[in-house]
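In: fold the stuff below for me.
(2 chains, ligands or ions: 1)
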Amino acid sequence: MDQHHTDEQKFRFQGTGRDLQKKLLTGWYDRLESAADDGRKVAYLFVPGNVAEFLRVFDFELVFPEVNALQCGVRKISGDLILKAEDIGYSPDVCGYVKNDIGMMLAGNTGPSGHKLPKPDLLLCTYCGCTTFIKWFEALAHFYDVPLVMLDVPYMRSGELGKDDRDYITAQLKELIPLCEKITGKKFDHDKLKTIVGHSREAEEIWVQMLHAAKHRPSPFDAYFEAVFFMAPIYVLRGLPECTGYYREAMKEIDERIEHGVGPIPEEKVRVVIEGPPPWPHFRAFWEMLKKWGVCSVASSYSKVGGFWDHGFRHDPDRPLESIAEYCLTCYTNLSLPMRTDLLRKYAEEYSADAILIHSVKSCRSFSVGQADMRDQFTRVWDIPTLLVESDLADPRYFQAAQLRNRIDAFFESLEHKRLVQA
Amino acid sequence: MTFEEQLEEYQRIIGDVSFPTVKKWKEAHPAGKVVGMFPVYTPYELAHAAGMLPVGLYGAGGMVEIDHADSRIQSFVCSIARSTLELGLRELTKDFDVLWFTSICDVARNLSGVWETNFPKQAVRYIHYPQNMGSPAARTHYRAELRELVTMLEDAGGRKITDDAIRKSIALYNEQRRLCAEVYEIKRNAPWILSTYEAYVLIRVGTLMPVEDHIPILRSAIASIGERKRPPRDFVRVILEGSFCEQPPLELLKVLEESGCAIADDDLLLHTRWFTGEVPEDGDPLGALASAYIDTTRYSSVRHYGPRSRKAEFLKKIREQNVDGVIFAAPKFCEPALLDYVLFKDELEKAGIAYLGFEYEEKMGVFESIRTQAETFVESVMFFS
Ligand code: SF4
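Out: Modelled structure (predicted):
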């Protein structure tokens, strides 16, 4: 038997996570494209703390503008779209996701995959930790001339989940029911909500297992560069049975990797925790810069951007609306800065990381303001080697490859040196 | 002291980053607490009811170099956030016991987190203002938020705050808001008698002293202004929009006025004109403040306007003020201002109203380009519209 054949037998699930993800997302975009044909209603909302389960009760098709924006980034078309938005007056200094989205709309609203995107019937601004979300949807309401509804999610300002905050969100969801019924012509069905929430819960269980798998040495997967693909279904298809099915299949791939002791890179030399969104237009290049040093990300905050399950939270069919409210409150973007700093520090400990890498993006002040202070805390107070690099999540103009490479090389070289000395 | 000499004195106080009035107050009230209020609107009444001194924290106005804050907050962030932190790191805010930041933007929010980490001796609170104005639950939630602020102040001050004390404070701040509105009325109707620059100094100084001291200052200023004999001038009437948080350099206001603009209305120091009516002085005081925020707040880029449209209010203001154009002056890197600019200017283009847009920074030193732009704008409005 040749080597190739043996590997095929050993790695029966190789690529499953990626291939199935692509298939599911293409199916989702297909459904969006044909939504207008058979009168299905469309809701736009944001990924962080999204209330997908609630909207699925009314059979809304869901559009997530940041997902379109990040995909435009990956396909390297965000630069042109951003310029289109700047042509109508948007400043070079405002969020690249917003400009990408407005640019896409100005260009006829064809999505990154070539699918035509439907217009919104409902703009539901789920305000979970990003004020720019509000401005973004105000702009969409202006250009599409459709009503905007706000789901106001208080920030985790006291460091813990407050009952007042949860009750406020639950009350707002209840207040939203008549409008959703009016738009879709479908009645709110509590049992249906429980079923949907149950699907979410199942998928969440497996997703958490996958994230925790990175505690293995070597880590079976990269909790940043791969997790951003693995995480798509949990954020955009959550509540659907195919989302749960996805995680069952994808987990097989991870288990198989653990069984054979392999990870995303040939040899894991440095384990890092990564903070911040990726530079989508230069995703590969950024990963290569780190792979060169045998760097594997074992935990990341970006994979928690939409929702946070690590500490035990699950959507709960017995308290569907309350658990949706808790989900909104606890997504990463809604955590206070001290909570974020603490979480990353704990990740470094739990996942036996050697360093923390902060990718600070100009576009997103919600993420980036205070990251320099985080770095200071990690290095000064906790003695964790930390590298902070800057570029952007959507705007290719801010990705300075040579400069970035130099910083990364210098950092990991010194880390390697320190280890040699210590050994 | 003449009124003009007084204005000079107020300007000196505003420009002194060592907060001399706060120091003086602390000397007179050794056990007294100071509450720093980051813009745009903060319920000053509560701090006042606690017997504390609420103080506006408006950055450093270009008076300090950003050295220390650079290692905490990146360079692509507005100057007020960076310079406020710089004041803290230089120990210029050490007289402050409590700091309040509000849900105006992600920068102010994260600044509250940075502050919490770096100044553990000061009590920091990030206040969540409701954004879902159409929701009955928003009222209940915001009232509970105000209650928590009261508890925070009670803890800091070591004594209870009564409803009666809050009602009295509301009455005083109503009076201050009434007088500020009067000042604005004067500059709107007769800009040659009172410039925006002067009105700004007069009102801004009030953020650095007890409201009881500011009220007589406003009263006597209004009387002095009434006695001024200045001939009417030809102006282009404009609205100044976008300067609601980071303060434009005083020089910038002067340059605009010297170029021939009369600023009929603006969003400077908005907290003194935040409500369109008076906050009720009887009944449940926290309920009154909550309802005032939800029902009677002026439009601003940092507050979602609910089912009503901010653009409609903006256009209404233009019509009511009978202005010839709009000047958008936005702080560099300020997303709330820069994102709204596009929508507002779109409306102006549809309505055929002239506008000029530019960005500013606290430490801006050269205004020639803005002067030229403003003069060209004034000429084009005067001769071609
Ligand atoms: S100037 Fe703008 S961005 Fe800066 S703190 Fe104020 S509102 Fe936020």
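
In: hey, where'd the strands end up in the chain?
Out: Assuming you mean chain A. A:42-44, A:61-63, A:122-127, A:148-152, A:270-275, A:295-300, A:355-361, A:386-391 (DSSP state E).

In: wait, chain B
Out: Using DSSP E, strands in chain B cover B:34-37, B:53-56, B:98-102, B:123-127, B:236-241, B:261-266, B:325-331, B:354-360.

In: show me where the stretch 201-350 of chain B has helices.
Out: B:211-227, B:250-258, B:285-295, B:310-321, B:335-351 (DSSP state H, counting those that start in this stretch).

In: which residues in the stretch 251-400 of chain A form helices?
Out: Under DSSP H, counting those that start in this stretch, the stretch 251-400 of chain A gives helices at A:283-291, A:320-330, A:337-350, A:365-368, A:371-376.

In: sketch out the low-pLDDT regions of the chain for me.
Out: By default, I'm working from chain A. A:1-6 (pLDDT under 70).

In: not what I meant, chain B
Out: Looking at chain B by pLDDT under 70, you get B:385.

In: how about 90 then?
Out: B:1, B:71, B:74, B:233-234, B:305-309, B:365, B:382-385 (pLDDT under 90).

In: looking at chain A, which residue is nearest the ligand?
Out: Chain A approaches the ligand most closely through residue A:365 (7.3 Å), counting by CB to the nearest ligand atom. The C-beta positions use only the backbone N, C-alpha and C, and glycine is treated the same way.

In: that residue - nearest residue in space that isn't next to it in sequence?
Out: residue B:106 (4.4 Å; CB to CB, 6 or more residues apart in numbering or on different chains).

In: now the helices of the stretch 201-350 of chain B in JSON lines, with distance to the ligand and mean neighbour count?
Out: As requested, those are exported to JSON lines (distance: least, CB to the nearest ligand atom, whole Å; neighbours: other CB atoms under 10 Å in any protein chain shown):
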{"stretch": "helix B:211-227", "distance to the ligand": "23", "mean neighbour count": "15"}
{"stretch": "helix B:250-258", "distance to the ligand": "15", "mean neighbour count": "20"}
{"stretch": "helix B:285-295", "distance to the ligand": "17", "mean neighbour count": "20"}
{"stretch": "helix B:310-321", "distance to the ligand": "15", "mean neighbour count": "16"}
{"stretch": "helix B:335-351", "distance to the ligand": "5", "mean neighbour count": "21"}
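
In: with distance to residue B:3 added, can I get these in CSV?
Out: CSV is the format used below for the helices of the stretch 201-350 of chain B (distance: least, CB to CB, whole Å):
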stretch, distance to residue B:3
helix B:211-227, 4
helix B:250-258, 17
helix B:285-295, 32
helix B:310-321, 26
helix B:335-351, 32
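
In: identify whichever of those helices lies nearest to chain A.
Out: helix B:335-351 (4.1 Å; CB to the nearest CB).

In: other SSEs contacting the closest one?
Out: helix A:131-144, helix B:310-321, strand B:325-331, strand B:354-360 (3 or more CB pairs under 8 Å, 6 or more residues apart in numbering or on different chains; DSSP states H and E).

In: contact partners of that helix?
Out: With contacts defined as CB atoms under 8 Å, 6 or more residues apart in numbering or on different chains, helix B:335-351 is touched by A:88-91, A:93-95, A:98, A:131-132, A:135-136, A:138-139, A:142, A:365, B:104-107, B:241-245, B:301-302, B:310-311, B:314-315, B:318, B:326, B:328, B:330-331, B:354-355, B:357, B:359.

In: now the end-to-end length of stretch A:220-240.
Out: 27 Å (CA to CA, to the nearest Å).

In: report the contact partners of residue B:258.
Out: residue B:371.

In: quick check: longest helix of chain B.
Out: helix B:163-189 (DSSP state H).

In: centre of the chain to it, how far?
Out: Relative to the chain's own centre, helix B:163-189 is displaced by 14 Å; criterion: CA atoms, centre = their mean, to the nearest Å.

In: and that helix, what does it pack against?
Out: Using 3+ CB pairs under 8 Å, 6+ apart: helix B:163-189 touches helix B:44-49, helix B:196-204, helix B:211-227, strand B:261-266, helix B:285-295.

In: just put those in TSV and tack on distance to residue B:175.
Out: Formatted as TSV, the helices and strands packed on helix B:163-189 follow (distance: least, CB to CB, whole Å):
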stretch	distance to residue B:175
helix B:44-49	12
helix B:196-204	14
helix B:211-227	6
strand B:261-266	21
helix B:285-295	15
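
In: looking at these, which is nearest to residue A:16?
Out: helix B:285-295 (51.0 Å; CB to CB).

In: how much space separates the residue in the stretch 1-150 of chain B positioned nearest to chain A from residue A:342?
Out: Going by CB to the nearest CB, chain A is nearest to residue B:113 of the stretch 1-150 of chain B, at 2.5 Å. From residue B:113 across to residue A:342, the span is 11 Å (CB to CB, to the nearest Å).

In: same check on residue B:87?
Out: 26 Å.

In: what about these two, which has more around it?
Out: residue B:87 (23 against 14; other CB atoms under 10 Å in any protein chain shown).

In: now for the closest residue to that one other than its chain neighbours, how many residues are close by?
Out: Using CB to CB, 6+ apart and skipping residues adjacent in sequence, the residue nearest residue B:87 is residue B:93, 5.2 Å away. When neighbours are defined as other CB under 10 Å, residue B:93 has 22 of them.

In: if I pick the nearest residue to residue A:315 once chain neighbours are set aside, what's in contact with it?
Out: Excluding the flanking residues, the one nearest residue A:315 by CB to CB, 6+ apart is residue A:200, at 4.1 Å. Contacts for residue A:200 (CB under 8 Å, 6+ apart) come out as A:52, A:53, A:238, A:239, A:243, A:314, A:315.

In: what do you get if the cut-off is 7 Å, keeping everything else the same?
Out: Counting by CB atoms under 7 Å, 6 or more residues apart in numbering or on different chains, residue A:200 touches A:53, A:238, A:239, A:315.

In: what's the separation between it and residue A:51?
Out: 11 Å.
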